[in-house]
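[1] predicted model, plus sequence, below.
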Amino acid sequence: MTGSTTGSVVALVPAAGQGLRLQQGLPKAFVTVGGTTLLRRSVDGLIASGSVDRIVVMVPEELVEHTRELFADVTVVAGAAERTDTVAVGLKAAEGADIVLVHDAARALTPPSLIARVVAEVRAGRGAVVPALPVADTIKTVDLMGAVLGTPERSGLRAIQTPQGFRADILRRAYAEFSGIATDDAGLVERLGDTVHTIVGDALAFKITTPHDLLLAEAIVGRENS
C-alpha cells in the first residue's frame, strides 16, 4: 500500500448508453424506477455518501442541455458511442481531481455507504479499488459453438460492481496507454501491471440491464417506500 491520498474526489457517471437490452425505448439512464430516473438515483447516492466533491455526468449529445436543466449542481458533458470513450471524455472534465470514481448510472440503488467505503480505501493508499461479490453460479468457459472448454474454480471468481475508485494519476495513465477492448476501468489499470484491490460489495449495487432487473429494482424501491 502506498501513502495516503488527500485532495478532491470527482465521480464520473457514464450515462450515454442506449440500453437496448432494457427495451424501454429511451437511454437507460433516463428510465425511471419508482418515478425517479436511474441517473437521478445514482447522482443522489453519490451526494448522500458525503465522499464526493464533484460529479461529472456523460450523456448522449442530444440530451446535454436537458440534463443540465435537471442537474444544476452537476457538470454535464456529451458522451460517446463506446463506454471507454465516454469515460475518457469525463476524465478531461475532471481536471484537478486527486481521486476519481467511475460509477454506472445503471447501478442506481448502490448504497451511499458502499461509495464511502471505496473512497476511504483509496484515501488510505490503495491505487485502485473495486467492490466485488462472490460468484454464486457455476461458471463455464465455452467455444464459439457453445461446447464447454472448462470450469473455473468458483472460489477465486468475483462479480465486480461500481463505483470503481482510483488515484487520478493511475486512471489517467491507464487511459493514455489504452488500446483494444476493456469491459471496465479496472481492467485498464490491470494492464498497467498495477494492483486492483477488492472490497466487499453490496447486492443492491446490481446493474439494471434487462427488464427483469428493472422489475427487481421496482420491487425493492416499492418495499422501501411502503
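    Perfect, thanks for sending it.
[2] next, the buried residues of the top helix by length along the chain.
    Counting by DSSP state H, the longest helix found in the chain is helix 211-225. The neighbour-count check on helix 211-225 (16 or more other Cβ atoms under 10 Å) flags D213, L214, A217, I220, V221 as buried. C-beta here means a position set from N, CA and C on the backbone, and glycine is covered the same way.
[3] what is that helix packed up against?
    Secondary-structure packing of helix 211-225 (3 or more Cβ pairs under 8 Å, 6 or more residues apart in numbering; DSSP states H and E): strand 32-33.
[4] tell me the contacts of V87?
    L12, P14, M58, V102, Y175, D185 (Cβ atoms under 8 Å, 6 or more residues apart in numbering).
[5] surely it is in a strand?
    No. Counting by DSSP: H, G, I helix; E, B strand; the rest coil, one finds V87 to be helix, located in no strand.
[6] and the closest residue in space to R54 that isn't next to it in sequence, its phi and psi?
    Spatial nearest neighbour of R54, excluding adjacent residues (Cβ to Cβ, 6 or more residues apart in numbering): V10 at 4.8 Å. With angles defined as degrees, to the nearest 10, V10 sits at phi -120, psi 130.
[7] the longest helix of the chain - what's its average pLDDT?
    What helix 211-225 shows for mean pLDDT is 93.
[8] any idea how far the spatially most central residue of the chain is from L149?
    With distances taken as Cα atoms, centre = their mean, H103 lies nearest the centre of the chain, 2.6 Å away. Distance, H103 to L149, using Cβ to Cβ, to the nearest Å: 34 Å.
[9] if we can go back for a sec, just curious, which of the contacts of V87 is nearest to R83?
    Among those, P14 lies closest to R83 (Cβ to Cβ), at 5.7 Å.
[10] number of nearby residues for that closest one?
    Neighbourhood size, P14 [other Cβ atoms under 10 Å]: 26.
[11] strands paired with the host helix or strand of I55, and their directions?
    I55 belongs to strand 54-59 when assigned by DSSP states H and E. Strand pairing for strand 54-59, determined by DSSP bridges: strand 9-14 (parallel), strand 75-78 (parallel).
[12] then the helix or strand following that strand to PDB, C-alphas only?
    Following strand 54-59 in sequence order, the next helix or strand is helix 64-70 (DSSP H and E). The C-alpha coordinates for helix 64-70 follow below in PDB (Å, rounded to 0.1, in the frame of the first residue of the first chain):
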ATOM      1  CA  VAL A  64     -26.900  17.500 -22.700                       C
ATOM      2  CA  GLU A  65     -28.900  20.700 -22.300                       C
ATOM      3  CA  HIS A  66     -31.900  18.800 -20.900                       C
ATOM      4  CA  THR A  67     -29.700  17.100 -18.300                       C
ATOM      5  CA  ARG A  68     -28.100  20.400 -17.400                       C
ATOM      6  CA  GLU A  69     -31.500  21.800 -16.600                       C
ATOM      7  CA  LEU A  70     -32.200  18.800 -14.300                       C
END
